[in-house]
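Undergrad: Quick one, structure for this:
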Amino acid sequence: MSGEVIRKESKRLREYYYEKTLDSGLIVCVFPKKLSTSYAIIGTRYGSIDNAFKTEGEAEFTAYPEGIAHFLEHKLFENEDGVDAFERYARFGANANAFTTFDKTAYLFSAADSFYESLEVLLDFVSHPFFNAEKVNKEQGIISQEIRMGEDNPHRRLFSELMKIMYQSHPIRMDIAGTVESISRITPEVLYACYNAFYRPSNMVLSVCGDLDETRVFEMAERFFPPREEKKVITAPIEEPRAVLKQKTECRMDVAKPLFNIGVKNPDVEDDPLERMRTCAGMSILSDMLFSKSGHFYNSLYEKGLLSNSFDYGYAARRSFAFFDMSGESRDPDAVYEAFAACIEEAKTNGLSREDFEINKRVTYASTIRQFESTEDIAVEMMEAAMDGDGLFAYSDIVQSVSFEDVERLLHERFLKEYFCMSVILPQQTDGEGESA
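TA: Modelled structure (predicted):
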């Protein structure tokens, strides 16, 4: 028999969902929500950084080609009968997609009608891989072109170069899609090895949201993911020095104005997912206090012509990495970097405003609550929460519990100048400016 159905509820939000761990180990979450569309996403804890692993009993780790998780995501849509999953979805009017990140791969769709028929398509192709040499070779050409296009995309290149100087040996330095050379080494056998290692039901989560019958969803998931014998998979440990590789990197591309991406490496990543979530909540509040478009930092630089509306910032933390980054365009990226460092130092010296803290805490909490108005946001957040081993409602509760003292501590612990770095993309040089870099 499968595990019991657990009803998870937030009295504060007046929301609830059902969670069940099947005999196969697959976690299934169903959030009842009467909106115009229903949404489903199934994900595995397998991303671009998981490119070296071994199964239990093996003595040595095996390194696999960079970009293989992303390549596998592309190939999984194909079926042995030649009809790919997108064609099958189209019959039911579903809008489907997939993505690969540093630490996960996910497949999703949204549908106004025929949800269960579309769910059957999703569960079927994800649980029944088919790879052959001819189609792998064809895909190598397609993804090679995608990689080259990515190299020509200034914003993607900007972030990629930042990771390469922020980290010294962590696989986050690799592009998620890999390189043209690395994907040329991918074979059907390699794809099956990685699929069998990471697409184990116990390593996956199915998350759905909409006006749905949870019992029917559980039964469908059980049919496509029955119990099977599994071997424990161990990913290679990541040894990353605390220091950044270098403070700054520059390159030239076809851009109208210089682009910058300032990063702050956080070497101390919490092992406990709830503690990591608490840091994320605190950093979200602190970042808004310091850098929101309504604040002094942004407006003073905007008035000087050093920042434009193209400005963003955020904090990312996963099981083996954490960093803050800020990006935008500026005629003088070095001046923005100096202003950023000065802003941090001034906040540390003069202290933070309790009033600003209360305002931005309310803003962060309101943003969290708004996610419950979207079946997509709910399903994605529910999947990620289940992957981390906690519940969907944990984050809103944690935001409420963050104190002014928590944010002050994060300012002093997480914004250390020795971990600052910056990636810059400059416009191509024109005649008379010297040779292009």
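Undergrad: and Glu239, how many neighbours?
TA: Residues near Glu239, counting by other CB atoms under 10 Å, number 8. In short, each C-beta sits where N, CA and C put it, glycine included.
Undergrad: Make sure it is indeed in a helix.
TA: No - counting by DSSP: H, G, I helix; E, B strand; the rest coil, Glu239 is not found in a helix; it is coil.
Undergrad: Report the contact partners of it.
TA: Ser169 (CB atoms under 8 Å, 6 or more residues apart in numbering).
Undergrad: Against Pro237, how distant is Asn360?
TA: 37 Å (CB to CB, to the nearest Å).
Undergrad: The two: which is more packed in?
TA: Shown here are Asn360 and Pro237; by other CB under 10 Å, Asn360 has more neighbours (22 against 8).
Undergrad: and the gap between the more buried one and Gly351?
TA: 15 Å.
Undergrad: And for Pro32?
TA: For Pro32, the distance to Gly351 equals 46 Å [CB to CB].
Undergrad: out of these two, which sits in the more crowded spot?
TA: More neighbours surround Pro32 than the other of Pro32 and Gly351, with 15 against 10 (other CB under 10 Å).
Undergrad: Report the beta-bridge partner residues of that one.
TA: Counting by DSSP bridges, Pro32 is bridged to Gly210.
Undergrad: Just to be sure, Cys343 is in a strand?
TA: No - judged by three-state DSSP, Cys343 forms no part of a strand; its state is helix.
Undergrad: quick one: the strands in the stretch 51-200 of the chain?
TA: Ranges of strands in the stretch 51-200 of the chain, per DSSP state E, counting those that start in this stretch, are 52-55, 62-63, 95-100, 105-111.
Undergrad: Mean pLDDT added to the ones you listed, as a markdown table?
TA: Formatted as a markdown table, the strands of the stretch 51-200 of the chain follow (pLDDT from 0 to 100):
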| stretch | mean pLDDT |
| --- | --- |
| strand 52-55 | 95 |
| strand 62-63 | 96 |
| strand 95-100 | 97 |
| strand 105-111 | 98 |
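Undergrad: Relative to Ile183, which of the ones you listed is closest?
TA: Evaluated over the strands of the stretch 51-200 of the chain, closeness to Ile183 peaks at strand 95-100, with 12.9 Å, by CB to CB.
Undergrad: The closest one: which residues count as buried?
TA: Under the neighbour-count criterion of 16 or more other CB atoms under 10 Å, strand 95-100 has 96, 98-100 buried.
Undergrad: pLDDT wise, what is Ser2 at?
TA: We have a pLDDT of 62 for Ser2.
Undergrad: now swap in Arg228 and tell me
TA: pLDDT for Arg228: 88.
Undergrad: now it: how far from Tyr46?
TA: Arg228 is 17 Å from Tyr46, by CB to CB.
Undergrad: Looking at the two, which has the bigger crowd around it?
TA: Tyr46 (29 against 11).
Undergrad: Please name the residues that touch the more buried one.
TA: Here Tyr46 is in contact with 69, 104-105, 194, 197-199, 203 (criterion: CB under 8 Å, 6+ apart).
Undergrad: Now go through these and say which are in helices.
TA: Among these, the members falling in helices (DSSP state H) are 69, 194, 197-198.
Undergrad: Kindly reformat those residues as TSV containing neighbour count.
TA: TSV is the format used below for the ones in helices among the contacts of Tyr46 (neighbours: other CB atoms under 10 Å):
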residue	neighbour count
Ala69	26
Cys194	23
Ala197	22
Phe198	21
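Undergrad: Which pair in those has the greatest spatial separation?
TA: Comparing every pair within the ones in helices among the contacts of Tyr46 by CB to CB identifies Ala69 and Ala197 as the most remote, at 10.9 Å.
Undergrad: what are the ranges of the helices in the stretch 151-300 of the chain?
TA: With DSSP state H, counting those that start in this stretch, the ranges of helices along the stretch 151-300 of the chain come out as 154-166, 180-183, 188-198, 214-224, 273-291, 296-303.
Undergrad: what's the closest of these to Tyr365?
TA: When those are compared by CB to CB, helix 273-291 sits nearest Tyr365, at 9.2 Å.
Undergrad: Check the offset of the closest one from the chain's centre.
TA: 16 Å (CA atoms, centre = their mean, to the nearest Å).
Undergrad: So which elements touch it?
TA: With contacts defined as 3 or more CB pairs under 8 Å, 6 or more residues apart in numbering; DSSP states H and E, the packing partners of helix 273-291 are helix 296-303, strand 311-317, strand 322-329, helix 333-350, helix 354-370, helix 394-401, helix 404-414.
Undergrad: Contacts for the last one, please.
TA: It refers to helix 404-414. When contacts are defined by CB under 8 Å, 6+ apart, helix 404-414 is touched by residues 264, 266, 268, 278-279, 282-283, 285-286, 289, 324, 344, 347-348, 351-352, 354, 357.
Undergrad: can I assume Lys20 sits in a helix?
TA: No - the assignment for Lys20, made by three-state DSSP, is strand rather than a helix.
Undergrad: can I assume it is in contact with Arg7?
TA: No - applying CB atoms under 8 Å, one finds Lys20 not in contact with Arg7, separated by 10.2 Å.
Undergrad: can the helices of the stretch 151-300 of the chain go into CSV with extra columns for distance to Ser110?
TA: Listed next are these as CSV, based on distance: least, CB to CB, whole Å:
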stretch, distance to Ser110
helix 154-166, 26
helix 180-183, 30
helix 188-198, 25
helix 214-224, 15
helix 273-291, 26
helix 296-303, 34
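Undergrad: deepest of these, which one?
TA: Most buried of the helices of the stretch 151-300 of the chain by mean neighbour count (mean count of other CB atoms under 10 Å) is helix 273-291; its value is a mean of 21.
Undergrad: outside of it, which residues touch it?
TA: Applying CB under 8 Å, 6+ apart, the set of residues contacting helix 273-291 is 269-270, 295, 297-298, 313-315, 317, 322, 324, 326, 343-344, 347, 352-353, 356-357, 360-361, 363-364, 388-390, 394-395, 398-399, 401-402, 406-407, 410-411, 414.
Undergrad: about what we covered before: highest average neighbour count across the helices and strands packed on helix 273-291?
TA: Neighbour counts (mean count of other CB under 10 Å) averaged over each of the helices and strands packed on helix 273-291 peak at strand 322-329, with a mean of 21.
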